[in-house]
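A.B. asks: The amino acid sequence is not available; the structure is as follows:
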């Protein structure tokens, strides 16, 4: 158990809908990261927050948005869903900034299926 | 634009040493290179991290040459439980903070 929790574990929805994925980081971790993992794209970095502020952006679509709240939990909002958005979405947390001697701890993921 | 390349798959036998290399160009000059292990339906798990030369912990070693254009994860004496996908993770250059995972190397350990 990494200490990072993600809800829900599974989500099945229809094209055009909007969903929210939630992540609670490990106690004491200030950074939260979101990743998408699909069979054809591998692990793709979406976005990072550090202590409530957006820190880095990856290949995140304009239909997707995220935020980190004062209690440090984070939410990833996916809207106008398409079939290609079906994937595993991972949240990770770290004490500081990744790449600066800070390992990331990954949650169990949310499996999103868009029908 | 940073780019990473890893072998898609590798086979080994129990007790052997396995070396997996990740090639990465245009990475941030002052950031660490990290390797993760992932089992099916689980999140990646940290293995080792290094900045340059050689780093060793209780499960692996990491070799990074001076030009930092590649890194090699070394797993000594693998066992069946080491069958997993291994990823390198780097940060792209240019202060964007963008993180880039390699494509992953599927290691199959045979008895």
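C.D. replies: Great, that's in hand. These figures come from a predicted structure and were not determined experimentally.

A.B. asks: State the number of residues packed around the residue nearest to residue B:88 when sequence neighbours are not counted.
C.D. replies: Excluding the flanking residues, the one nearest residue B:88 by C-beta to C-beta, 6 or more residues apart in numbering or on different chains is residue B:22, at 3.4 Å. In short, each C-beta sits where N, CA and C put it, glycine included. Per other C-beta atoms under 10 Å in any protein chain shown, the neighbour tally for residue B:22 reads 25.

A.B. asks: Residue B:22 reaches residue B:69, doesn't it?
C.D. replies: No: using C-beta atoms under 8 Å, residue B:22 makes no contact with residue B:69, being 10.0 Å away.

A.B. asks: Can you tell me the closest non-neighbouring residue to the residue nearest in space to the middle of chain A?
C.D. replies: A centroid search over chain A (C-alpha atoms, centre = their mean) returns residue A:34, at 2.9 Å, as the residue closest to the centre. Among residues not flanking residue A:34 along the chain, residue A:46 sits closest, at 4.2 Å (C-beta to C-beta, 6+ apart).

A.B. asks: and if you look at residue B:28?
C.D. replies: residue B:91 (4.3 Å).

A.B. asks: What score does that neighbour have for pLDDT?
C.D. replies: At residue B:91, the pLDDT value in this model is 87.

A.B. asks: now the one 3 residues further on
C.D. replies: At residue B:94 the predicted local confidence, pLDDT, stands at 74.

A.B. asks: Near chain A, which residues of chain B? Just list them.
C.D. replies: Proximity of chain B to chain A (C-beta under 8 Å from any C-beta of the partner chain) is limited to residues B:28, B:31-32, B:34, B:36, B:41-46, B:49, B:51, B:87, B:89-91, B:96-101, B:103-104.

A.B. asks: Try it again at 10 Å.
C.D. replies: Proximity of chain B to chain A is confined to B:27-28, B:30-34, B:36, B:38, B:41-51, B:85, B:87, B:89-92, B:95-104 under the rule C-beta under 10 Å from any C-beta of the partner chain.
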